[in-house]
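Colleague: okay, here's the prediction I keep looking at, along with the sequence it came from:
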Amino acid sequence: MTTPSTDPFDLRDRVILVTGASKGIGRAVSLALARQGATVILSGRRVPELEQVYDAIKAAGAPEPAIAPLNLESLHWDECQGLIDQIQTTFGRLDGLLHNAAHLHGLTPLSHFPIEEWYRTLQVNLNAPFLLTRCCLPLLMASRDASVLFSADSTGRKGKAYYGAYGVSKFAVEGLMQVMAEEVESNTPIRVNSLDPGWVDTALYHRIYPERAHADLPAPDAVCRPYLFLLGPGSRGLSGQAFSVREGGPWSE
Ligand SMILES: NC(=O)c1ccc[n+]([C@@H]2O[C@H](COP(=O)([O-])OP(=O)(O)OC[C@H]3O[C@@H](n4cnc5c(N)ncnc54)[C@H](OP(=O)(O)O)[C@@H]3O)[C@@H](O)[C@H]2O)c1
């Protein structure tokens, strides 16, 4: 039996599912996780983009990833269960689940918020992460120590005008994180946290501020370290916490 590494960023032998792995923060974190030795299950709705991430991981000499196409907008239990069965057969467990995918309509006052966009946003950002987490529980229970990480946003910690369903979905995700963290605290190997990456130069940011200059924004690569820490062995024992890249945390020590 090998001695466990004391490096908090050593992700060897960890199987981690990342949603929204096709671009932005999800792509950068997937590559960073793989470089640290994790086997990453790349999930998203566009297979060609996921294949590009797959190729980049292979080119870096990292462990071979897997691709799990899922459209969170139409996700239903049977589809989720099919993915879980595949992970069970191939890996037998899940050590990490990063809920990174998100939908944002753009800044709109509630008085004009399109009703179908409201439902779409809550489906992608809240209902689908709940469904996926519920489905993944037996796989997470089979891990020695598993980390579930929700993507947060400052607009889901203090209400901000015009963020509409996106802001509300992020408030709800914090609630989901807290409820789950309490439920799994004492009798499972699972920890649950949320992380706000702060403003990052991605398509989502440009949907909010299409006109705003972004030269000073960090690139997705610049925010990977906290994700690696919270998904890796360094965060064992931390649960139920709302972290923020801007405020710093145990990953900076
Ligand atoms: N960027 C920021 O400034 C910022 C700030 C605070 C919080 N965050 C959070 O960080 C996370 C990542 O955001 P990002 O900035 O990297 O955004 P992004 O570049 O727009 O990427 C979003 C990802 O979600 C996927 N996605 C969207 N709808 C989906 C659906 N229906 N089914 C499956 N996948 C879907 C996208 O896939 P496609 O390629 O198919 O569109 C993409 O991979 C989000 O949870 C966001 O709320 C970001």
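Modeller: Sure thing, it's come through.

Colleague: point me to the residue of the stretch 1-150 of the chain nearest the ligand.
Modeller: Going by CB to the nearest ligand atom, the ligand is nearest to residue 24 of the stretch 1-150 of the chain, at 2.3 Å. Yep, even glycine has a C-beta here, placed from its N, CA and C like the rest.

Colleague: could you check how far that residue is from residue 139?
Modeller: Residue 24 is 25 Å from residue 139, where distance means CB to CB, to the nearest Å.

Colleague: next: residue 27.
Modeller: Per CB to CB, residue 27 is found 23 Å from residue 139.

Colleague: cool, and residue 118?
Modeller: Applying CB to CB, the value for residue 118 to residue 139 is 32 Å.

Colleague: out of those two, which sits in the busier spot?
Modeller: A count of neighbours by other CB atoms under 10 Å puts residue 139 above the other of residue 118 and residue 139, at 22 against 18.

Colleague: mind listing what's buried in the longest helix seen in the chain?
Modeller: Taking DSSP state H as the criterion, the chain has its longest helix at helix 164-184. Neighbour-count burial for helix 164-184 flags 164-174, 176-178, 180-181, 184 (criterion: 16 or more other CB atoms under 10 Å).

Colleague: residue 123: neighbouring residues, count only.
Modeller: Using other CB under 10 Å, residue 123 is surrounded by 18 other residues.

Colleague: now do the one 4 residues further on
Modeller: Number of residues near residue 127 (other CB under 10 Å) recorded here: 16.

Colleague: with residue 211 instead?
Modeller: 5.

Colleague: so it sits in a strand?
Modeller: No: read with DSSP: H, G, I helix; E, B strand; the rest coil, residue 211 is coil and lies in no strand.

Colleague: how far away is it from the ligand?
Modeller: Per CB to the nearest ligand atom, to the nearest Å, residue 211 is found 16 Å from the ligand.

Colleague: cool, residue 179 as well?
Modeller: The gap separating residue 179 from the ligand is 19 Å, by CB to the nearest ligand atom.

Colleague: and for residue 212?
Modeller: Separation of residue 212 from the ligand (CB to the nearest ligand atom): 11 Å.

Colleague: neighbours of that residue, how many?
Modeller: 10.

Colleague: go on, residue 245?
Modeller: Residues lying near residue 245 (other CB under 10 Å) number 21.
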